[in-house]
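Asks: quick check, what structure comes out for this input:
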Amino acid sequence: MRFMAIVKATRDSEAGALPSKELLAAMGKFNEEMMKAGVLLAGEGLQPSSKGARVRFSGTKRTVIDEPFTETKELIADFWRLQVRSKEEAIEWIKRSPAPFDGECEIELRQVFEASDFPAEIFPPEDAAREQSLRDELQKKTAKS
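Replies: Next up, the predicted model:
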């Protein structure tokens, strides 16, 4: 099972406040522990939303929203992608994480769809095989860098 661990943004992360040296070291140690256990697939910190953009879709129309977003509780500051045996294992790993920010903060866990989650009539085996091939190729590229 794959899970996305979504670190919710805070007012400080959206203001561009950098983590302390101690927190970066603790997170690095935690990431290394997950990597050695074969759990960590990816993990990144994200710049504040003021350095990003959104593209809103409405039928064939695309609208770019290029500004900081005010609803901090809906924003993502960091993420991990995990490969685990169960939701409970994902929860246990995240409970061991250093707190990403001072004060209250949240990390949301969401299971990633697998090809097997879809019936063959909407995701035929040849499409699932193509998707797996792309995933394998990405994995190889990531391992090289």
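
Asks: before we move on, which element is E33 in?
Replies: Counting by DSSP states H and E, the element that carries E33 is helix 21-36.

Asks: quick one: contacts of that helix?
Replies: 19, 40, 43, 80, 82, 93, 96-98, 100 (C-beta atoms under 8 Å, 6 or more residues apart in numbering). In short, each C-beta sits where N, CA and C put it, glycine included.

Asks: next helix or strand past it?
Replies: strand 40-45.

Asks: what lines up beside that following strand in the sheet?
Replies: strand 76-83 (antiparallel) (DSSP bridges).

Asks: related to what we said a few turns ago, buried stuff in the helix holding E33?
Replies: Going by neighbour count (16 or more other C-beta atoms under 10 Å), the buried part of helix 21-36 is 26-27, 30, 34.

Asks: what do you get for stretch 99-116?
Replies: Using 16+ other C-beta under 10 Å as the test for burial, stretch 99-116 gives 100-101, 107, 109.

Asks: dump that stretch to PDB, restricted to CA.
Replies: C-alpha atoms of stretch 99-116 as PDB (Å, rounded to 0.1, in the frame of the first residue of the first chain):
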ATOM      1  CA  ALA A  99       6.800  17.800  14.800                       C
ATOM      2  CA  PRO A 100       7.200  19.700  11.500                       C
ATOM      3  CA  PHE A 101       6.400  23.100  13.100                       C
ATOM      4  CA  ASP A 102       6.200  24.700  16.500                       C
ATOM      5  CA  GLY A 103       2.800  24.700  18.100                       C
ATOM      6  CA  GLU A 104      -0.100  22.800  16.600                       C
ATOM      7  CA  CYS A 105       0.200  21.200  13.200                       C
ATOM      8  CA  GLU A 106      -1.200  18.300  11.300                       C
ATOM      9  CA  ILE A 107      -0.100  15.600   9.000                       C
ATOM     10  CA  GLU A 108      -2.800  14.000   6.900                       C
ATOM     11  CA  LEU A 109      -2.500  10.400   5.500                       C
ATOM     12  CA  ARG A 110      -4.200   9.500   2.200                       C
ATOM     13  CA  GLN A 111      -3.900   6.100   0.500                       C
ATOM     14  CA  VAL A 112      -2.800   6.300  -3.100                       C
ATOM     15  CA  PHE A 113      -4.900   4.500  -5.700                       C
ATOM     16  CA  GLU A 114      -3.400   1.300  -7.200                       C
ATOM     17  CA  ALA A 115      -4.400  -0.100 -10.600                       C
ATOM     18  CA  SER A 116      -6.100  -3.000  -8.800                       C
END
